[in-house]
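**Student:** Pasting the sequence and the predicted coordinates here, then a few questions.
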Amino acid sequence: MTYPVATIIFLALIVFVILLGFGASRWKAGDMSHIEEWGLGGRRFGTLISWFLIGGDIYTAYTFIAIPALMFGAGALGFFALPYTIVCYPILYVVFPKLWKVAHKYGYITGPEFVRGRYGNKYLGLAIGITGIFATMPYIALQLIGMQTVIGALGIPGHLPLIIAFGVLAAFTYTSGIRAPAMIAIVKDILIYITVLAAVIVIPSELGGFGAIFAKISPAKLILATPPAGSTGAYTGYATLALGSAMALFLYPHSTTAVLSASGPKVIRRNAVFLPAYSFLLGLLALMGFMAVASGVSAMPQFAAGFKQYGPSFAVPALVLNSFPAWFAGVAFAAIAIGALVPAAIMSIASANIFTRDIYTQFGGGGNPRRDTLVAKLFSIVMVVGALVFILLIPGTYAVQLQLLGGMWIIQTFPAIVFSLFTRFFNGWALLIGWAVGIVSATWLVTLNNFAGAIWAFHVFGFTVPSYIALATVLVNALVAALLSLPFNIFASDRGRDATLATDYV
Amino acid sequence: MIRWLLAVIFVLALSVPFFNQIEPSLFGFPFFYWYQMLIVPVAAGLTYIVFIVENKQGDAE
């Protein structure tokens, strides 16, 4: 134990939230043998709880580690997280109250279920559902890595702490469902706000102010490079990364689950107004990457081993250990670790909802609500254990690469889920083919990039336009779906199979 | 349709060539950074206006 005081504070906070997690099943109590109660909290969360839940869900431990790490390593490009988490909210405002309404009316608890109902096509629902589960798995694994980084930074060796933490996570997810992360998210966010505010006050004053911090950043990393002639360069790279990530964000099963557990469309709209508070925080947090550069932690001998093992991901933990008293480092690390537990719990619940409603009950079993809920609870454990095994057996870089691919995949569900809330022009089979084209082309381009980058330099009319692969391929996906819908609608229309009504969408 | 006001958020947040500048800096922050952080409350404010107006119209529910 290298940092005894920090470790004790850290452990005390973790034990506290675990007890909270187990106690959460009694909060706004419902019948936990119903999947709508276990997996959506009975759709009863008001504005404030939804704010904590959605915030706790999309600003994860991985975000806290990876965004500053990107700033630390790549510079200004890492700041794309800000426009990303700005433009995601108008999308939330316009799109997701509609999904909530139709989901509420027909008892849908997942995005794929809505698509299946809209097109009467369980194979389309299956494709969208499996995409969600596959995109989520590496995301859970990354939460584990985020937690592993802070546990390692405290000087606690071995995998045992991680196994215990996620064993407990699986247990309270099983008993309390989504109420557990909703309650823990409140603690997590308070700790995160305290940590980041302390960091932006204390650290710059130690380093001579923000001006001095920015002055230590090399000019090439301070802002984006000016594009060369005949190319839009880093400009389109940055903008498409932000836009594509924002389009994908609420399609992730864990985000959809958090949004659908709100008590009404108004709660979602109000949250589109108040959630940007987190984005501001994220901007400050991203700057911790620059603070780490300016403080020179990467050259300090006591952190050499950490940087060697975790790379730039060690920037924030090293900065925290270097700048704060030990007890406060314990608080900050607990905030990050709890920041892993909240989304990991929601991710496993969301995947379990999908597995139950879009795979199990559609292809084989199902029909008995009590047993369906049990299947969901068990599958949530499978997700957590799967991610844990993944981390223990496979090098961390693969998780990062798979997460990159996951983002490319999940955005391919955009036409089927989002467009279908506004129009019934599309045909279910055409959407399925568009989805397949999107998945294959995105995966192929990422492979050509050797899994190292999310941006591909497209050549359009002799012009080079570097773009986020996810955004470019979802355009192709939508185009294919639209063009194929024309003949499909004439020769094999599925309009009669729509289980919903046109009035559900006004 | 007050909702179109939300499109302004996309323009403000994604006009990269406009804000990819060091000057004018503010409190030591290069323009690139303080501009994007300033957009956060601006975006929230625009969304709030849309929310209030639509609520009054009652067509949002």
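**Tutor:** It's in. Residues are numbered from 1 along each chain as shown, chains lettered A, B, ... in the order given.
**Student:** Where does the prediction get shaky in the stretch 301-450 of chain A?
**Tutor:** By pLDDT under 70, the low-scoring segments of the stretch 301-450 of chain A are A:366, A:396.
**Student:** Please work out how many residues are found near whichever residue of chain B sits closest to chain A.
**Tutor:** In chain B, the residue found nearest to chain A is B:Gly28; the distance is 2.8 Å by C-beta to the nearest C-beta. Where C-beta positions appear, they are placed from N, C-alpha and C, glycine not excepted. Other residues near B:Gly28 come to 16 when the count uses other C-beta atoms under 10 Å in any protein chain shown.
**Student:** Are the helix ranked longest in chain B and chain A in contact anywhere?
**Tutor:** With DSSP state H setting the assignment, residue counts place helix B:31-57 as the longest helix in chain B. Yes - looking at helix B:31-57 against chain A by C-beta under 8 Å from any C-beta of the partner chain, the contacts come from B:32-33, B:36-37, B:39-41, B:43-44, B:47-48, B:50-51, B:54-55.
**Student:** pLDDT averaged over that helix - what is it?
**Tutor:** Mean pLDDT, helix B:31-57: 93.
**Student:** which residues does A:Ile359 contact?
**Tutor:** Remark: with contacts taken as C-beta atoms under 8 Å, 6 or more residues apart in numbering or on different chains, A:Ile359 is in contact with A:126, A:129-130.
**Student:** Which residue lies nearest the spatial centre of the chain?
**Tutor:** Went with chain A since none was named. Closest residue to the average C-alpha location of chain A: A:Ile58 at 4.8 Å, with C-alpha atoms, centre = their mean.
**Student:** switch to chain B, that's the one I care about
**Tutor:** Of the residues in chain B (compared using C-alpha atoms, centre = their mean), B:Ala43 is nearest the centre, at 3.2 Å.
**Student:** Wait, it touches B:Phe10, no?
**Tutor:** No - with contacts defined as C-beta atoms under 8 Å, B:Ala43 does not count as touching B:Phe10, sitting 9.4 Å away.
**Student:** okay, and the common contacts of these two?
**Tutor:** Here B:Ala43 and B:Phe10 share the contacting residues A:87, A:90, scored by C-beta under 8 Å, 6+ apart.
**Student:** I figured A:Ser33 hits A:Val375, correct?
**Tutor:** No - between A:Ser33 and A:Val375 there is no contact under C-beta under 8 Å: 11.9 Å.
**Student:** is it true that A:Phe458 lies in a strand?
**Tutor:** Yes - counting by DSSP: H, G, I helix; E, B strand; the rest coil, A:Phe458 is part of a strand.
**Student:** can you pick the most crowded of the contacts of A:Ile359?
**Tutor:** A:Gly129 (27 neighbours).
**Student:** who touches that one in this structure?
**Tutor:** With the criterion set at C-beta under 8 Å, 6+ apart, A:Gly129 makes contact with A:110, A:112, A:354-355, A:357-359.
**Student:** Export the residues you listed as CSV, with columns for secondary structure.
**Tutor:** Below are the contacts of A:Gly129 laid out as CSV (three-state DSSP):
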residue, secondary structure
A:Thr110, coil
A:Pro112, helix
A:Ile354, helix
A:Phe355, helix
A:Arg357, helix
A:Asp358, helix
A:Ile359, helix
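**Student:** Go through the residues you listed and name the one nearest chain B.
**Tutor:** Using C-beta to the nearest C-beta as the measure, the one of the contacts of A:Gly129 that approaches chain B most closely is A:Thr110, at 23.7 Å.
**Student:** Tell me who's in contact with that closest one.
**Tutor:** Under the criterion of C-beta under 8 Å, 6+ apart, the contact partners of A:Thr110 comprise A:129, A:132, A:253, A:256-257, A:350, A:353-354, A:357-358.
**Student:** Give me the secondary structure label for A:Pro466.
**Tutor:** strand.
**Student:** okay, stretch B:12-19 in CSV with CA atoms only?
**Tutor:** These are the backbone C-alpha positions of stretch B:12-19, laid out as CSV (Å, rounded to 0.1, in the frame of the first residue of the first chain):
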residue,chain,number,x,y,z
LEU,B,12,-22.0,27.5,-33.1
ALA,B,13,-20.4,24.3,-31.9
LEU,B,14,-19.3,22.9,-35.2
SER,B,15,-17.9,25.9,-37.0
VAL,B,16,-14.3,24.8,-36.4
PRO,B,17,-12.4,27.1,-38.8
PHE,B,18,-14.0,30.1,-37.0
PHE,B,19,-12.9,29.1,-33.5
